[in-house]
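Trainee: need a 3D model of the following:
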Amino acid sequence: MQLVRARGAGLYAGDRPFYFAGTNCHYLLTRSADESQRPMVTEVLDDAKRLKLTVLRCWAFCDGAEEWNALQPELGKFSDKVFAGLDWLIVEAGRRGIRLLLSLTNYWADYGGMPAYVRWKYGIKDKKQHDYTKYPTSLFYTDPDMRVNFRRAVSAVVGRVNSLSGVPYAQDPTILGWELANEPRCPEGAHPGEGDRVLQEWVASTADFVRGLDRNHLITLGTEGFYGPSSPDMLSYNPFESASRLGADWVALGRSVDMVCIHLYPDSWMPHDSSREDIRRWTRNWIRSHAALCGGVPLLKPLVVSEFGKREPGRYTGPDCTKNMGREEAFKEILGSCREMAEGGGPLAGVCAWMTAARQYPDYDGFTLHLGPPEAPDRGRAAAPAGPLTSPQSDEPAVQLLQEYGQAMAKLSPLQPAAA
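Mentor: Numbering: from 1, shown residues only. Sure, this is the predicted structure:
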């Protein structure tokens, strides 16, 4: 494998165009740290290879003593066991020709993320005791102690040398890039535009910091794609009216990174009674409007749909699900629009579905794509079943659509053989 770099609105591995189909699996780090759980990791890796999914997006952080297999269980103290698991994951992915897009923190409380730094700063015992009205996550962006502590963690990850391969992370082509944060937001405060300014400064300075550690890899940001004050003519494309006031001005934030990302969730973002045509129209406009801004002015950068997902109404009965479109139909719309632009030579470089998992991993929220038939639920800490795990072909239509997309992207990207 060769390092992937951005050139204009495209991604290139050496001098060859690089397009990809991929997926998310947030548990890869923590399961890799536990040898009894590693079959749930290798199953995802093997399935990804079979489906021609050449990129996996996953977390390279896990913060706080209350988190299982935390990489940073205490502030400034890192687990050798979990780091060894990350080393193993990178080696195993590389052997299969799969690249990893590694996220460095999370706006949400899952796996600790930014809120963990706020709790450490203010002596908050755990998530249950965290009063977000009094101690909002946005404190993370401006507090000098939190900035120092986060950069210490980033340095530990980005500056690491793999204990198994001996390859510095900063030189390993298995790593596609560093995502500064997942879905960062900074809701506006008392002064209009304050949240936008705060988050833009944090992203710009953090991107510069990571580049100082690693000049080889892509820097990106797990933005949801909401349009803000820097693109007032695009606000009508937002899925809900308040999206422009979340401090996550996509165009402005995109100027500081090498590759820009968007997410896409009809269930979470659109009115739950939206018609199928409304969902189709919004989906097409969401993807195409962002691609248009990446193809030239104002960004000229490659675009990745780094998260997209849809619940199946027949299986998920919660209120936050659009009932008028199923997962297969949504995936056809999303992947069809993306494929059209990629095959047309546009800036749409890749997609990562949310999310795939080993077949015995529970579908906690209705978004999980099991690549084979699910088995008995595993609550995350039980030992893996005895014997090797095999993953038969999934009969999930959305998985088949993702496989077809992977096959199409393989034709656009000259074959790069996996490492021995």
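Trainee: may I have the helix or strand harbouring L180 as PDB, with CA atoms only?
Mentor: According to DSSP states H and E, L180 maps onto strand 175-182. Extracted in PDB, the C-alpha atoms of strand 175-182 (Å, rounded to 0.1, in the frame of the first residue of the first chain):
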ATOM      1  CA  ILE A 175      -3.800   4.700   8.200                       C
ATOM      2  CA  LEU A 176      -5.900   6.700   5.700                       C
ATOM      3  CA  GLY A 177      -6.000   9.800   7.900                       C
ATOM      4  CA  TRP A 178      -6.600  11.400  11.200                       C
ATOM      5  CA  GLU A 179     -10.100  12.700  12.000                       C
ATOM      6  CA  LEU A 180      -9.800  15.500  14.600                       C
ATOM      7  CA  ALA A 181     -13.200  14.800  16.100                       C
ATOM      8  CA  ASN A 182     -16.500  13.100  15.500                       C
END
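Trainee: the chain should start at 39 in everything you say after this.
Mentor: Yes, from this point I'll number from 39; that puts the last item at strand 213-220.
Trainee: which element follows that strand toward the C-terminus?
Mentor: Next in sequence after strand 213-220, counting helices and strands by DSSP H and E, comes helix 232-251.
Trainee: S282 contacts G266, correct?
Mentor: Yes - counting by C-beta atoms under 8 Å, G266 is a contact partner of S282 at 5.1 Å. No exception for glycine: its C-beta is placed from N, CA and C like everyone else's.
Trainee: what ranges does the chain have for its strands?
Mentor: Remark: strands assigned in the chain by DSSP state E are 42-45, 48-51, 54-55, 58-62, 93-97, 137-141, 213-220, 256-260, 298-302, 341-346, 386-391, 394-395, 407-408.
Trainee: dump the residue contacts of P304.
Mentor: By C-beta atoms under 8 Å, 6 or more residues apart in numbering, the contact list for P304 reads S312, I317, W320, T321, K348, T360, M363, A368.
Trainee: please redo it, this time with the cut-off set to 7 Å
Mentor: Listed by C-beta atoms under 7 Å, 6 or more residues apart in numbering, the contact set of P304 reads I317, T321, K348, T360, M363, A368.
Trainee: between those residues, which is closest to F99?
Mentor: Using C-beta to C-beta, K348 comes nearest to F99 of the contacts of P304, at 26.7 Å.
Trainee: picking that back up, select, out of the strands of the chain, the one closest to P77.
Mentor: It is, among those and with distance given as C-beta to C-beta, strand 394-395, at 12.5 Å.
Trainee: run the chain-centre distance for that closest one.
Mentor: 13 Å (C-alpha atoms, centre = their mean, to the nearest Å).
Trainee: stretch 141-149 too?
Mentor: Offset of stretch 141-149 from its chain centre (C-alpha atoms, centre = their mean): 10 Å.
Trainee: neighbouring contacts of that stretch?
Mentor: 95, 97-101, 105, 151-153, 165, 175, 188, 192, 195, 216-223, 260.
Trainee: what sits closest to S313 if chain neighbours are left out?
Mentor: N362 (5.7 Å; C-beta to C-beta, 6 or more residues apart in numbering).
Trainee: what's that neighbour in contact with, if anything?
Mentor: Applying C-beta under 7 Å, 6+ apart, we find N362 in contact with S312, S313, R314.
Trainee: neighbour-wise, give me the winner out of the residues you listed.
Mentor: S312 (20 neighbours; other C-beta atoms under 10 Å).
Trainee: check the burial of the closest residue to that one other than its chain neighbours by counting its neighbours.
Mentor: Nearest residue to S312, sequence neighbours excluded (C-beta to C-beta, 6+ apart): T360, at 5.2 Å. For T360, the count of nearby residues is 24 (other C-beta under 10 Å).
Trainee: so T360 makes contact with H310?
Mentor: Yes - look at T360 against H310 with C-beta atoms under 7 Å: they come within range, at 5.6 Å.
Trainee: before we move on, the earlier item: the contacts of N362 in helices, which ones?
Mentor: Of the contacts of N362, the ones assigned to helices by DSSP state H are R314.
Trainee: for the contacts of N362, which one is nearest P400?
Mentor: Nearest to P400 among these is S312, at 27.7 Å by C-beta to C-beta.
Trainee: separation between that closest one and P182?
Mentor: S312 is 44 Å from P182, where distance means C-beta to C-beta, to the nearest Å.
Trainee: identify the residues contacting the residue nearest to S312.
Mentor: P304, D305, M308, H310, S312, I317.
Trainee: neighbours of the fourth one, how many?
Mentor: Taking other C-beta under 10 Å as the neighbour definition, H310 ends up with a count of 14.
Trainee: contact partners for it?
Mentor: H310 is in contact with P357, D358, C359, T360, K361, counting by C-beta under 7 Å, 6+ apart.
Trainee: repeat for the last one
Mentor: Taking C-beta under 7 Å, 6+ apart as the contact definition, I317 lies against P304, M308, T360, M363.
Trainee: again, only this time at 8 Å
Mentor: Applying C-beta under 8 Å, 6+ apart, the residues near I317 are P304, M308, T360, N362, M363, A368, E371.
Trainee: just those residues now: which is nearest A387?
Mentor: E371 (19.2 Å).
Trainee: neighbours of the closest residue to the closest one other than its chain neighbours, how many?
Mentor: Nearest residue to E371, sequence neighbours excluded (C-beta to C-beta, 6+ apart): T321, at 4.9 Å. T321 is flanked by 22 other residues according to other C-beta under 10 Å.
Trainee: kindly report the same for V335.
Mentor: 7.
Trainee: quick check: it vs A47, distance?
Mentor: To A47, V335 is 11 Å away according to C-beta to C-beta.
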